[in-house]
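**Student:** can't give you the sequence, but here's the structure:
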């Protein structure tokens, strides 16, 4: 990653520092795009990354990302995202279960007898959860 300016340059932005390439799916074009990050998680320019296959005998050769490296990056990113989503879903399920128990104990549970299957497909079904998360964050 390129170095930053200033009297105390960030070591994560210096030449030779570790850089990470993460895949992102562009939903408009359905194409995987690659973004570069330094070890602090700050986005940087991939134009300054030197890959292991760079030819030291060619001035300015930075090499390129091989298909195997791309596949490994996608697999690693997918594994991390699966874990993150699993944790989110676990926390959501726990919250909803606790809320159901609380409302049942306090007699504040809404009458669900009038709900249909279509009601569970609405984006507003979880709005109370999102409101509670927002309120608890402040």
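**Tutor:** Received the coordinates, thanks. Quick caveat: nothing in here was measured; it's all calculated off a predicted structure.

**Student:** Just to be sure, residue 32 is in a strand?
**Tutor:** Yes. Secondary structure assignment places residue 32 in a strand (DSSP: H, G, I helix; E, B strand; the rest coil).

**Student:** roughly how far apart are it and residue 89?
**Tutor:** Here the criterion is CB to CB, to the nearest Å. By it, residue 32 lies 24 Å from residue 89. (C-beta placed from N, C-alpha, C; glycine too.)

**Student:** Okay, buried residues for the longest helix along the chain please.
**Tutor:** Longest helix in the chain by number of residues, with DSSP state H as the criterion: helix 67-106. Under the neighbour-count criterion of 16 or more other CB atoms under 10 Å, helix 67-106 has residue 73 buried.

**Student:** next one: that helix to chain centre, how far?
**Tutor:** From the chain centre to the centre of helix 67-106 is a distance of 12 Å (CA atoms, centre = their mean, to the nearest Å).

**Student:** just checking, what packs against that helix?
**Tutor:** Contact analysis of helix 67-106 by 3 or more CB pairs under 8 Å, 6 or more residues apart in numbering; DSSP states H and E lists strand 19-26, strand 31-38, helix 127-137 as its packing neighbours.

**Student:** Could you identify which of those has the lowest mean pLDDT?
**Tutor:** Lowest mean pLDDT within the helices and strands packed on helix 67-106: helix 127-137, at a mean of 64.

**Student:** so how many other residues sit close to residue 13?
**Tutor:** Neighbours of residue 13 under the rule other CB atoms under 10 Å: 19.

**Student:** so it makes contact with residue 38?
**Tutor:** Yes. Between residue 13 and residue 38 a contact is recorded at 5.7 Å, counting by CB atoms under 8 Å.

**Student:** Any regions of this protein where pLDDT drops low?
**Tutor:** Low-confidence segments of the chain, defined by pLDDT under 70: 1-8, 12, 109-138.

**Student:** Break it down into its domains, please.
**Tutor:** With automatic domain parsing serving as the domain definition, the record reports that the chain contains domains spanning 1-65, 66-110+121-138.

**Student:** who's in contact with the closest residue in space to residue 20 that isn't next to it in sequence?
**Tutor:** Ranked by CB to CB, 6 or more residues apart in numbering and with sequence neighbours excluded, the top spatial neighbour of residue 20 is residue 37, at 4.7 Å. Taking CB atoms under 8 Å, 6 or more residues apart in numbering as the contact definition, residue 37 lies against 19-22, 43-44.
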